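**Q** here are the coordinates; sequence isn't available:
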């Protein structure tokens, strides 16, 4: 049981969330975290996930869940001031993360887990609009490692591995995911 805060910051990320690594499912919030720097995660803890009973027959607030809170202050008990008649607008998107062990990049269209070693690049991604046909391109410098059209899988997520040719220049791997019509949904590179 406990609370976790993202303090002092979220390292400049525009997303945060929680992933159950056993089944590679989670929920990710994508927003401008300079407007909402606060993040609190709460759970009743591991014991709430064991010996689970039917919630309709045994109601109890300590059910297995993780509660995600976002806010305009850096911690739950730090106040934030609003001017009289003021307003704060926070555009945000929530997305499941199915078939992903981590999220390295995210926007309102796509969640990405991109990593590269000396011999291969590995990509996991989840599309917020899985019915949209996609073109996924992985490049290292001028070398195309993967370039193919595909339909996103909303039930299992998506995994792509590509070999990196030996003797490379050490450049970062670039990923671009576009719609079949060519509209860019996300463009990122390995860190």
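**A** Noted; the coordinates are in hand. Just so you know, these numbers come straight off a predicted model, no measurement behind them.
**Q** could you measure the residue lying closest to residue 25 once chain neighbours are set aside against residue 154, distance?
**A** Taking CB to CB, 6 or more residues apart in numbering, and ignoring the residues beside it in sequence, residue 25 has residue 98 as its nearest neighbour in space, at 5.6 Å. Glycine gets a C-beta too; all of them are placed from N, C-alpha and C. Per CB to CB, to the nearest Å, residue 98 is found 7 Å from residue 154.
**Q** who's more crowded, the two?
**A** residue 98 (21 against 16; other CB atoms under 10 Å).
**Q** the more buried one contacts residue 20, doesn't it?
**A** No. The criterion here is CB atoms under 8 Å, and residue 98 misses it with residue 20 at 10.8 Å.
**Q** which helix or which strand is home to the residue with the largest distance to the centre of the chain?
**A** For the chain, the C-alpha lying farthest from the average C-alpha position belongs to residue 84; by CA atoms, centre = their mean, that distance is 35.3 Å. Residue 84 belongs to no helix or strand when assigned by DSSP states H and E.
**Q** next one: the one 10 residues further on
**A** Of the helices and strands defined by DSSP H and E, residue 94 is found in strand 92-96.
**Q** this structure: strands as residue ranges?
**A** 2-5, 15-20, 25-31, 38-43, 66-71, 92-96, 105-106, 110-116, 120-127, 133-140, 143-151, 158-163, 173-179, 184-189 (DSSP state E).
**Q** just those strands: most buried one?
**A** Comparing those by mean neighbour count (mean count of other CB atoms under 10 Å), strand 105-106 ranks first with a mean of 24.
**Q** what is that strand packed up against?
**A** Contact here means 3 or more CB pairs under 8 Å, 6 or more residues apart in numbering; DSSP states H and E; on that basis strand 105-106 packs against strand 110-116.
**Q** Throw the strands of the chain into TSV and include distance to residue 79, thanks.
**A** Output for the strands of the chain, formatted as TSV (distance: least, CB to CB, whole Å):
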stretch	distance to residue 79
strand 2-5	15
strand 15-20	22
strand 25-31	21
strand 38-43	11
strand 66-71	10
strand 92-96	22
strand 105-106	29
strand 110-116	33
strand 120-127	36
strand 133-140	44
strand 143-151	48
strand 158-163	43
strand 173-179	41
strand 184-189	36
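**Q** list residues touching both of residue 98 and residue 154?
**A** Common neighbours of residue 98 and residue 154, using CB atoms under 8 Å, 6 or more residues apart in numbering, are residue 126.
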